[in-house]
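> Sequence plus the predicted model coming up.
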Amino acid sequence: MKLVFERSMEGRRNDFIPELDVEHYSLPVELTRKQALRLPEISQVDMSRHYTELADNSFGVNNGFYPLGSCTMKYNPKINDEMSQLPGFANIHPLQPIETAQGSLEVYYTAEKLLTEITGMDAMTFQPAAGAQGELTGIMLIKAYHENNQDLKRNKIIVPDSAHGTNPATASMVNYETINIPSKPNGRVDLEKLKEVVGDDTAGLMLTNPSTVGLFEHDIIEITKIIHNAGGLCYYDGANLNAIMGTVRPGDMGFDVVHLNIHKTFSTPHGGGGPGAGPIGCKEFLKPYLPNYHVVKEGEHFSFEMPEKSIGNVKTFYGHFGVVVRALTYILTLGKEGIPQASQTAVLNANYMREQLKDSFEMAYEGPCMHEFVMTLDKLKKETGITALDVSKALLDNGMHPPTMYFPDVVKEALMLEPTETESKETLDQVIEVFKQIKEQAYKEPQSIKEAPSKTLIGRVDETSAARNPILTYQY
Ligand SMILES: *Cc1c(COP(=O)(O)O)cnc(C)c1O
């Protein structure tokens with residue numbers, strides 16, 4: 001495919017700007033460019049073809065099955081986008097007087113009400129721009145709370161090894177020491193190990209639930225009690241809320257802070273890297289520490305407040321508003337009945353696939369699972385030389401996106417599948433068939449799988465060079 005720069009012809013235009021009808025004005029010489037900007041010069045039809053070609057060569061949930069575990073690549077109803085594009089929302093300016101933006105503040109206010117209800121929390125901020133930033137904000141709240149209590153010896157955050165990778169990274173960002181505890185063979189938190197490390201230097205615990213291996217923690221209430229008894233606070237990584245929403249609530253399990261990935265669970269397109277939103281919910285006693293721009297309602301009037309002991313801003317302005325509009329639309333569309341039903345179907349779909357595949361592929365953990373499951377291809381690799389990477393490449397030739405690979409790293413040759421609730425049984429059955437065929441092929445003609453993909457624009461790439469020496473700008 002040609003880059004847009006390679007399609008460029010000097011002097012070719014695609015705009016139709018009318019003659020100036022005001023006096024010409026030139027910038028002072030010291031403010032002008034010494035050289036013209038090197039922008040592609042291209043006709044409108046060629047530009048249109050360029051973007052269409054880019055779209056044709058991309059893969060998203062609108063193209064096919066996308067079981068990327070931990071990422072919840074579910075179908076995003078188009079009504080969400082339509083609502084976020086309403087002129088009153090789309091054309092708003094962050095600095096316009098709030099009297100002229102009451103509807104938008106009401107969106108935040110209503111979204112907070114519904115999402116605190118869903119999570120069992122008392123207050124929420126929408127400022128964080130993604131899940132990982134939500135974690136950072138949540139742990140900053142915990143730190144501010146301990147500091148406010150002059151409880152300064154608490155410098156450790158406990159993170160089980162089944163946590164998402166962003167959890168230990170977050171703890172380090174806030175200058176906490178991370179205490180990693182290994183899981184039991186069944187993938188759950190080891191209570192004995194937890195009791196050994198907890199103490200009066202424990203600032204808190206970060207728990208991903210369901211964990212990144214797709215399992216619900218059996219002893220979750222016991223876990224939060226152990227931490228609270230030691231004076232620590234409990235953080236719930238709720239990026240996987242898709243598995244539990246409307247059925248159980250982190251607030252009822254004893255958690256003090258939770259972040260949500262509303263671009264995942266509450267359906268905003270997020271395959272291209274954003275924008276997302278990682279709001280955090282907290283219990284009443286942490287509310288005074290929330291970031292700036294918390295929406296409050298007095299009478300019929302909405303305004304922003306800076307909570308009394310606020311940690312300040314974690315982002316400019318109010319967060320990614322459009323994502324919140326989409327989430328609110330999604331929640332209101334599904335309603336009280338649809339929210340739990342979505343999660344239950346996500347869990348059912350994952351368990352259906354797991355059951356259908358477990359005789360052909362070895363599962364890393366005993367079932368049932370929550371919204372995702374992990375298989376290990378270690379035996380397949382030993383017997384045929386075909387790895388998790390090879391199977392993923394073969395899936396590309398079958399018109400679908402590969403699952404998450406080689407994660408969690410405690411599982412050898414791991415493939416983690418999250419089918420999501422938006423896939424039909426017919427699609428799941430087709431995918432199950434594809435997996436079984438690839439396995440058969442691995443024994444019969446492994447070479448053909450080593451050469452996959454053959455139907456994509458680009459075949460096998462040198463993954464190491466691509467990661468180590470990426471070329472991200474056009475070289476003239
Ligand atoms: C996706 C995810 C995150 C990080 O969220 P981002 O929006 O990508 O920053 C954190 N924890 C879990 C469990 C996740 O699945």
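That came in fine, so what should we check first?

> Tell me which residues touch whatever residue of the chain ends up closest to the ligand, please.
The ligand sits closest to Gly131 of the chain, with a gap of 2.3 Å, by Cβ to the nearest ligand atom. For the C-beta atoms, the positions are set from N, CA and C on the backbone; glycine is no exception. By Cβ atoms under 8 Å, 6 or more residues apart in numbering, the contact set of Gly131 is 166, 237, 239, 259-261, 264, 276, 278.

> OK, contacts around the closest residue to Thr345 other than its chain neighbours?
Spatial nearest neighbour of Thr345, excluding adjacent residues (Cβ to Cβ, 6 or more residues apart in numbering): Glu421 at 3.7 Å. Residues in contact with Glu421 (Cβ under 8 Å, 6+ apart) are 74, 242, 342-346, 348-349.

> which of these has the most neighbours?
Greatest neighbour count in the contacts of Glu421, by other Cβ atoms under 10 Å, goes to Ala346: 27 neighbours.

> Disregarding flanking residues, what is the spatial nearest neighbour of Thr72?
Lys264 (3.8 Å).

> From His93, how far off is the residue nearest to Asn62 when sequence neighbours are not counted?
Excluding the flanking residues, the one nearest Asn62 by Cβ to Cβ, 6+ apart is Tyr75, at 7.9 Å. When distance is defined by Cβ to Cβ, to the nearest Å, Tyr75 is 32 Å away from His93.

> Compare these two (neighbour count), which wins?
More neighbours surround Tyr75 than the other of Tyr75 and His93, with 15 against 8 (other Cβ under 10 Å).

> Now do the same contact list for Thr316.
Contacts of Thr316 (Cβ under 8 Å, 6+ apart): Pro94.

> So it lies in a helix, does it not?
No: using DSSP: H, G, I helix; E, B strand; the rest coil, the assignment for Thr316 is coil, not a helix.

> For Val296, which three-state class applies?
Applying three-state DSSP: Val296 is strand.

> So it is in contact with Met306, correct?
No: judged on Cβ atoms under 8 Å, Val296 makes no contact with Met306 at a distance of 10.6 Å.

> Can you classify Arg454 as helix, strand or coil?
Arg isn't right for residue 454; it's Ser. Ser454 ends up coil, using three-state DSSP.

> do you know how far it is from Ala394?
Counting by Cβ to Cβ - Ser454 and Ala394 are separated by 10 Å.

> What's the end-to-end length of stretch 1-9?
Stretch 1-9 has an end-to-end distance of 17 Å (criterion: Cα to Cα, to the nearest Å).

> ugh, typo on my part, it should be stretch 58-69
19 Å.

> same deal with stretch 119-129?
Stretch 119-129: ends 19 Å apart by Cα to Cα.

> does it come close to the ligand?
No: using Cβ under 6 Å from any ligand atom, stretch 119-129 never reaches the ligand; the gap is at least 8.3 Å.

> Just the buried positions in that stretch, please.
Applying a neighbour-count criterion of 16 or more other Cβ atoms under 10 Å, one finds 119-121, 123-129 buried in stretch 119-129.

> One more: stretch 270-278?
Buried, per 16+ other Cβ under 10 Å, within stretch 270-278: 270-271, 275-278.

> Repeat that for stretch 427-437.
428, 430-432, 434-435.

> Stretch 46-65 now?
Neighbour counts over stretch 46-65 (16+ other Cβ under 10 Å) mark 46, 50, 60-61, 65 as buried.

> now swap in stretch 368-387 and tell me
Those would be 369-378, 380-381, 384, 386-387, for stretch 368-387 by 16+ other Cβ under 10 Å.

> So which bits of the protein are right by the ligand?
Residues of the chain lying close to the ligand (Cβ under 6 Å from any ligand atom) are 70, 130-132, 164, 166, 208, 237, 239-240, 261, 276, 278.

> just the residues you listed now: which is nearest Lys2?
The shortest approach to Lys2 among the residues of the chain next to the ligand belongs to Gly276, at 31.5 Å (Cβ to Cβ).

> Would you list the phi and psi of that closest one?
phi -120, psi -170 (degrees, to the nearest 10).

> got the contact list for stretch 452-469?
Contacts of stretch 452-469 (Cβ under 8 Å, 6+ apart): 1, 57, 390, 393-394, 396-397, 451.

> What's the ChimeraX line that selects buried ones from those residues?
Filtering the contacts of stretch 452-469 down to the buried ones (16+ other Cβ under 10 Å) takes a single ChimeraX command:
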select :390,393,394,396,397
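
> So which of the contacts of stretch 452-469 is the closest to Asp252?
Nearest to Asp252, judged by Cβ to Cβ, of those is Leu396 at 42.1 Å.

> pretty sure the closest one is touching Asp390, no?
No: with contact defined as Cβ under 8 Å, Leu396 does not reach Asp390; the gap is 11.0 Å.
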